[in-house]
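>>> my questions concern the predicted model and sequence given below.
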Amino acid sequence: MSTANMIKANLDWANLGFQYRDTGWRYRAKLTDGVWHEEANPTKDMVISEGSQAINYGQQCFEGMKAYTTINGDVVVFRPDMNFARLNQSAARLLMDPIPEEIFMGGLQKLIDHNLAYVPPYGHGASLYIRPLYIGIGDNLGLKPASEYIFTIYCSPVGPYYKNGFKPISLMVSSYDRAAPHGTGNVKVGGNYAAGLIASREAKNAGFDDAIFLDAATRRYIDEAGTSNFFGITADGTLVTPASSSILESITRISLTEVALFLGMNVESRPVALEELGTFVEAGCCGTAAVVTPIGKITSGDRSWTFGDGINAGAQVKKLYDTLIDIQNGKEPAFARWLTKMG
Ligand code: PLP
Ligand code: COI
């Protein structure tokens, strides 16, 4: 069904921020005794035992993906198969039962069906942010995996993550570590984000837009920002992304490396030393929420590195961004396989 003519929610699509909004419908299913039961018309509030592993011991994981209205009026989700796979990798790391594909993909389809009014119309730079969330619940006291689980998917229409949109941001290298080499940095679990809050707060208090983290083992290499992966572009047009066991394998970054090759750039994945930042003529960070955000400046103590003029996005970051947006809007057929039509 094309949604081009359907009635949309009365929202100022061009000026949405990145905020929670109750759209009135979410998908929810509970795993009890090995059997999944879908809940009928759940509300945003969840009643769970105070003993639940998710809220005591952090046994929870989540995903972030986006739905778009393409130029043809189709509602598509960007690479949900990859989010599904990653959610189950996170779940496995925390000894949570795997989520069956029909629960994840079936739940996603129902979420889209019930929220078509909230999928931003084509042409406003907005999208529907989709948050699958998986939590361990039940009456529990000791440290062990939960015996029951809730899987829920909620959504909010959103605009840019950083309030100025596609404008270079400044990042402060944090003195805190976010994730250890053999810890949970490579999976999407809430504890990683809680650990990074203080770094982000410190960076913002010091006048930066956000924090960026070093590898915890040596504190010599760039890991990632709290919400996105880092990339740098060298003078010869090579896209360099950090290889690290403690960063999230960003689906946007994996996609961007393919886009870069498509655009004739070279790509390299390897550890990126802080000292090497001076070799990048452009830099950015990438993620579902952050999309592609140019980085104007990175500061570590009394040292700073500026990319381009520090004020405007560089030409190559802009080209990567524009191409990714064209793909998501259904205007770049070379990567049409990344879009799953759901409405
Ligand atoms: N790194 C972190 C810590 C993130 O939270 C995210 C967001 O999901 C990313 C990277 C980007 O990953 P993706 O492109 O899959 O959204
Ligand atoms: C995402 O980009 O999907 C994320 O999960 C980042 C989040 C902190 C908004």
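Nice, I can see it. Ligands and ions are numbered 1, 2, ... in the order given.

>>> which SS class is whichever residue of the stretch 151-300 of the chain sits closest to ligand 2?
Closest contact between the stretch 151-300 of the chain and ligand 2, by Cβ to the nearest ligand atom, is at Ala289 (3.2 Å). In short, each C-beta sits where N, CA and C put it, glycine included. Assigned by DSSP: H, G, I helix; E, B strand; the rest coil, the conformation of Ala289 is coil.

>>> gap between it and Gly237?
27 Å (Cβ to Cβ, to the nearest Å).

>>> with neighbour numbers in mind, choose between these two.
Ala289 (17 against 14; other Cβ atoms under 10 Å).

>>> before we move on, back to that, surely the residue of the stretch 151-300 of the chain closest to ligand 2 is in contact with Gln19?
No - assessed by Cβ atoms under 8 Å, Ala289 is found out of contact with Gln19, at 11.5 Å.

>>> overlap in contacts of these two?
Val158 (Cβ atoms under 8 Å, 6 or more residues apart in numbering).

>>> who are the contact partners of the residue nearest in space to the middle of the chain?
Closest to where the C-alpha atoms of the chain average out (Cα atoms, centre = their mean) is Thr288, at 3.7 Å. Contact analysis of Thr288 by Cβ under 8 Å, 6+ apart lists 64-66, 78, 129, 251-252.

>>> same check, this time on Ser300
Contacts for Ser300 were tallied using Cβ under 8 Å, 6+ apart; they are 172-173, 274.

>>> same thing with Arg131?
Per Cβ under 8 Å, 6+ apart, neighbours of Arg131: 62-64, 153-156.

>>> now it, which residues is it bridged with?
Arg131 forms beta bridges with Tyr154, as assigned by DSSP bridges.

>>> and if you look at Leu171?
Asp210, Ile298.

>>> number of residues surrounding it?
Using other Cβ under 10 Å as the criterion, the residues surrounding Leu171 number 26.

>>> pLDDT weak spots in this protein?
Judged by pLDDT under 70, the chain has its weakly predicted residues at 1-5.

>>> ok, 90 please
1-6, 162-165, 308-311 (pLDDT under 90).

>>> those residues of it touching ligand 1, which are they?
Within the chain, the positions near ligand 1 by Cβ under 6 Å from any ligand atom are 64, 224, 226-229, 248, 250-253, 287-288.

>>> mind listing the helices for the stretch 101-250 of the chain?
Under the criterion DSSP state H, counting those that start in this stretch, the stretch 101-250 of the chain carries helices at the ranges 101-114, 190-205.

>>> and the last one, how far out from the chain's middle?
Looking back up the chat, that one is helix 190-205. 16 Å (Cα atoms, centre = their mean, to the nearest Å).

>>> just checking, what packs against that helix?
strand 60-62, strand 169-173, strand 210-214 (3 or more Cβ pairs under 8 Å, 6 or more residues apart in numbering; DSSP states H and E).

>>> now the residue in the stretch 101-250 of the chain that ligand 1 sits nearest to: closest residue in space that isn't a chain neighbour?
Across the stretch 101-250 of the chain, the shortest distance to ligand 1 (Cβ to the nearest ligand atom) belongs to Ser250, at 3.3 Å. Leaving aside its chain neighbours, Ser250 sits nearest to Asn229 (4.0 Å; criterion: Cβ to Cβ, 6 or more residues apart in numbering).

>>> good, we can wrap up now.
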